[in-house]
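Chemist: quick one: sequence plus predicted model below, questions after.
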Amino acid sequence: MNKPSKYWILVGTFFTSVSSIIIRLSNAPALVISAYRMLFTSIMLFFPVYTNNKGELKNINKSNYILCIISGIFLALHYASWIQSLKMTTIANSTVLVSSSPIFVAAVNYFLLKEKVNKRMIVGIIMSLLGTAIIAMGSSGGEESSMLIGNTLAFLGAIFVAGYLVIGGIVRKDVSAGAYVFVVYSVSGIVLFAMCFLTSTPVYPYPLREYILFLSLGFFSSILGHTVYNYLIKYYSSTLISVSTLSEPIFASVFAMILFKEIPSVYTVLGGIIIISGIYYYLMTQHNVKHEKN
């Protein structure tokens, strides 16, 4: 089978960036949006996965099933924190901060795969933390306390999605994309509905408009977005997949300016440039070093 083009990553990134706009249009609580997104995604995947991967689902070994469950939990925590951040801060802030995940992916890969730490990684981390601090400065006033919390939640979302991507890179070596995403999305949905019940967040009823938005999130942002990532992650490193998210703030910020008249602040623009430049510097120089060695 031919290796798919890495440029398909941009397709996934475009559709994941649409999620922030759909979420902003919804009036439902963040946990409810997250839970129904995963529920509808799992339902849409059920028949194609059952038809093509029924035997594989029964034969996945125990260790991979455990990793899929952990990945699903990470994904649930990512959605719970990031979607709540969109309710509390700007789309630009949220998408820039959640896109700092490549640093965490690189760090986890270092500890798991014993990749050598070098100056480029340290510079990238410092620049990303500096950019995060600058964005936080723009929301440090008393009236902006909720924005600061929203920014923090977006940053936590980056940490959780990093765990999800790293595990995906491990499991996808042995498990097909269909089987992997169905298990992970189903676990994520169960965890999110459990969180709704534990926090007494009502999951019903909501207007038809809300369910259409939930369904749109499942189809466009999960199946055409995250599932593309999970398909490609077998052929490309989780670090490369995560760096593709650097273009998500660009798409999302443009959509936000057009639809919601959200103009990014100077702090967001400056901090975002520093974050993205730091990550880009580290990842691109790493790619060049590996290419030279080969």
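Modeler: Cool, the structure landed. Because the structure is a prediction, the values reported are computed rather than measured.
Chemist: contacts only, for Lys261.
Modeler: Going by C-beta atoms under 8 Å, 6 or more residues apart in numbering, Lys261 touches no other residue. All C-beta spots, glycine's among them, are computed from the backbone N, C-alpha and C.
Chemist: quick one: pLDDT of it?
Modeler: Lys261 is assigned 86 on the pLDDT scale.
Chemist: from Thr95, how far out is it?
Modeler: Lys261 is 17 Å from Thr95, where distance means C-beta to C-beta, to the nearest Å.
Chemist: equivalent analysis for Ile69, please.
Modeler: 28 Å.
Chemist: who has more neighbours, those two?
Modeler: Thr95 (30 against 18; other C-beta atoms under 10 Å).
Chemist: tell me the phi and psi of the more buried one?
Modeler: phi -70, psi -30 (degrees, to the nearest 10).
Chemist: in this structure it contacts Ser20, no?
Modeler: Yes - Thr95 is within contact range of Ser20, at 5.7 Å (criterion: C-beta atoms under 8 Å).
Chemist: which residues do the two both contact?
Modeler: Common neighbours of Thr95 and Ser20 (C-beta under 8 Å, 6+ apart) are Ala252.
Chemist: now do the contacts for the spatially closest residue to Tyr211 that is not a sequence neighbour.
Modeler: In this structure, Tyr211 finds its nearest non-sequential neighbour in Tyr36, 7.2 Å apart by C-beta to C-beta, 6 or more residues apart in numbering. By C-beta under 8 Å, 6+ apart, the contact list for Tyr36 reads 28, 203, 211, 214, 217-218.
Chemist: among these, name the ones in helices.
Modeler: 211, 214 (DSSP state H).
Chemist: most neighbours among the contacts of Tyr36, please name it.
Modeler: Leu217 (26 neighbours).
Chemist: distance check, the nearest residue to it once chain neighbours are set aside against Ile149.
Modeler: In space, and not counting its chain neighbours, Leu217 is closest to Arg37: 4.3 Å by C-beta to C-beta, 6+ apart. Using C-beta to C-beta, one obtains 22 Å as the distance from Arg37 to Ile149.
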